[in-house]
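**Q** Could you look at this predicted model? Sequence included:
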Amino acid sequence: MKEVYLYGAGGHAKVIFDVLKSNDIVLPKIYDDDTSINNFLGIPVSQNNMSSPLIISIGNNAIRKKVVEKLKEVKYSPAVCAKSAIIADSAALDEGTVVMQGAIIQHSAKIGKHCIINTGASIDHDCEIGDFVHIAPHSTLCGNVKVGEGSFIGSGTVVIPNASIGKWSVIGAGSVVVNDIPDYATAYGNPCKVRTI
């Protein structure tokens, strides 16, 4: 039976736990820097002797990247997808990425490393998602959308075809993205407008 380990014993780990369970993947141990946590969902929590393959179970994109940069010797799990997710055979998903229940990833989409494709998100054909991106629940990325490293796409957002969202940007929940969004922007609304850079 396959085993995967998690780093981060918070709420996001609970959802990943269910994804692993749906795939009959055993979670023998979780790692967390908080020494006050020694048990999580009945699973032992440790701060040392890191095992592989690992998934960073932290929802914050920037912290997830810092952890990956710190843990240079660790091997990461191939992407793990909930049984209820629909993934095109032609889609490419990189290591450490988790696809939650009900998500759809269409033909020729490319998903980077350590991404979160959350519950019910829809990523259409030819989309390119950079490393450390979080596509929040029920967001829709139409065809050929590009999302740069570390960006967060808020719940229920719709991104029109061919739009690009820069790296480390935040798109507010319920936005409708009809124009390109630059790097490091905070943008929201319908239509989505850049509020700060």
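**A** Here it is on my side, so go on. Owing to the predicted nature of the structure, the values given are computational and were not obtained by experimental measurement. Numbering: from 1, shown residues only.
**Q** so what's A163 up against?
**A** Listed by CB atoms under 8 Å, 6 or more residues apart in numbering, the contact set of A163 reads C142, V145, K146, V177, V178, N179, D180, I181. In this view, the C-beta of every residue, glycine as well, is placed from N, C-alpha and C.
**Q** Keep only those of those that are in strands.
**A** Mapping the contacts of A163 onto strands (DSSP state E) picks out K146, V177.
**Q** so what pLDDT did the one residue sitting closest to the centre of the chain get?
**A** The chain has I116 as the residue nearest its centroid, 1.0 Å off, counting by CA atoms, centre = their mean. pLDDT, I116: 98.
**Q** how close does it get to Y5?
**A** Remark: distance between I116 and Y5 (CB to CB, to the nearest Å) = 17 Å.
**Q** do L141 as well
**A** Taking CB to CB, one finds L141 at 30 Å from Y5.
**Q** neighbour-wise, which of these two wins?
**A** The neighbour count for L141 versus Y5, taken as other CB atoms under 10 Å, is higher for L141 (29 against 21).
**Q** Quick check: bridge partners of that one?
**A** Residues in a beta bridge with L141, per DSSP bridges, are I123, V159.
**Q** check contacts around it.
**A** Here L141 is in contact with A121, S122, I123, D124, C127, I129, I135, V147, I153, V159 (CB under 8 Å, 6+ apart).
**Q** Would you mind putting those into JSON lines with pLDDT, distance to A185 and neighbour count alongside?
**A** Shown next, in JSON lines, are these (pLDDT from 0 to 100; distance: CB to CB, whole Å; neighbours: other CB atoms under 10 Å):
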{"residue": "A121", "pLDDT": "98", "distance to A185": "21", "neighbour count": "26"}
{"residue": "S122", "pLDDT": "98", "distance to A185": "23", "neighbour count": "19"}
{"residue": "I123", "pLDDT": "98", "distance to A185": "21", "neighbour count": "30"}
{"residue": "D124", "pLDDT": "98", "distance to A185": "22", "neighbour count": "20"}
{"residue": "C127", "pLDDT": "98", "distance to A185": "19", "neighbour count": "25"}
{"residue": "I129", "pLDDT": "98", "distance to A185": "17", "neighbour count": "28"}
{"residue": "I135", "pLDDT": "98", "distance to A185": "17", "neighbour count": "31"}
{"residue": "V147", "pLDDT": "98", "distance to A185": "12", "neighbour count": "29"}
{"residue": "I153", "pLDDT": "98", "distance to A185": "12", "neighbour count": "30"}
{"residue": "V159", "pLDDT": "98", "distance to A185": "14", "neighbour count": "28"}
